[in-house]
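Chemist: take this sequence and fold it.
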Amino acid sequence: MTFTWKNNLNKTYKQKHWFKLWIQENYSVRQLSKISGFSEFKIKQIKNYWLSKEPPIILKRTNLLTKYLLFDGTYFHKNGCCIIVIDIISKIVIINDYVDKERYKNVCKLFNKLKEQGIYPRVITIDGHKQVTDAIKTVYPNIIIQRCLYHIQRQGLSWLRMNPKTQAAKDLRKILFTLCNVKTNKEKNIFINSFYHWQYIYKDFINNLPNDSIAIKDLKRTANLINQALPNMFYYIDDKNIAQTTNIAESFFSRLKTDFQRHRGLSEKHKVAYLKWYIYFKNSNIF
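Modeler: Got it, this is the predicted structure:
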């Protein structure tokens, strides 16, 4: 009589390969069925099994890799937001969460988890969301906050419009267009002096404008945006490890959303699991 010992655990982990292809390569259930020889029902079973599991925690000297961070979030619908913290040096997503909104309470919770792990970053780059700023400062009072230059530029140009009517708005647009090209202290001083000179020239003009025009209100909003952001705009010039924009996260989210769209129809629970596994596999590729 011959006895056959079946290692079901080993079999399960071998089948994880098909789940990884579903996440990373965006294969459909039908495509995986043809490639693997399994039925579509079996592939769905494999997919759902792994979606019911938490991804492993990747431990790679995390507390030593996190002096320079980047925070960002993106919405999948009105009350569904994926927030992440990326280590700038390694490009690893060191923590993530799926929350209802990018608000103070949720961001505090995320950064408190980092603090509990012994992570005390020196600098973080953010897009300037006030509740995010307040939350980070609550958890890390001494952290340096670098404002994302691209968000300042994009928001300001949006408020000023493509074809502004006033010369003040036209001149401010020209100044804003130079912002993301600032690389040296000399260029920083040129930008700051140009903006202050703009304020000096148009101060009386702007103060005397009526407030009943949306375009005029937006011109004032743009000036206030730059004024408020100036103290936190140029830390990266003296420390090349600091990210001057959140473009790394923007690029990550763009790819994530494109990949996620190929698996439309997931339940809310499976959507959250998909995001966690997606980030896990991306991090695994970096190591």
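
Chemist: what number of residues lie near L219?
Modeler: 24 (other C-beta atoms under 10 Å). Bear in mind the C-beta positions are built from the backbone N, C-alpha and C, glycine included.

Chemist: residues in contact with it?
Modeler: 159-160, 164, 166, 168-169, 172, 206, 209 (C-beta atoms under 8 Å, 6 or more residues apart in numbering).

Chemist: for I84, same thing?
Modeler: Contacts of I84 were listed using C-beta under 8 Å, 6+ apart, and they are 71-73, 93, 95-96, 249, 252, 279.

Chemist: related to what we said a few turns ago, in PyMOL, how would I select the buried members of the contacts of L219?
Modeler: This is how PyMOL selects the buried members of the contacts of L219, with burial counted by 16 or more other C-beta atoms under 10 Å:
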select buried, resi 159+160+164+166+168+169+172+206+209
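
Chemist: and E268, how far is that from I216?
Modeler: E268 is 43 Å from I216, where distance means C-beta to C-beta, to the nearest Å.

Chemist: show me what contacts P121?
Modeler: Listed by C-beta under 8 Å, 6+ apart, the contact partners of P121 are 66-69, 114, 140, 143.

Chemist: follow-up on the earlier one: out of the contacts of I84, who's nearest V272?
Modeler: The nearest member of the contacts of I84 to V272, counting by C-beta to C-beta, is N96 at 10.2 Å.

Chemist: before we move on, which element is the closest one in?
Modeler: According to DSSP states H and E, N96 maps onto strand 93-99.

Chemist: swap in E54?
Modeler: Going by DSSP H and E, E54 is not part of any helix or strand.

Chemist: report the separation between it and E268.
Modeler: Here E54 is placed at a distance of 16 Å from E268 (C-beta to C-beta).

Chemist: ok so, going back, inside helices: which ones of the contacts of P121?
Modeler: The helices, defined by DSSP state H, take in L114 from the contacts of P121.

Chemist: top of the contacts of P121 by neighbour count?
Modeler: Top of these by neighbour number is L69, holding 28 neighbours under the definition other C-beta under 10 Å.

Chemist: many thanks, have a good one.
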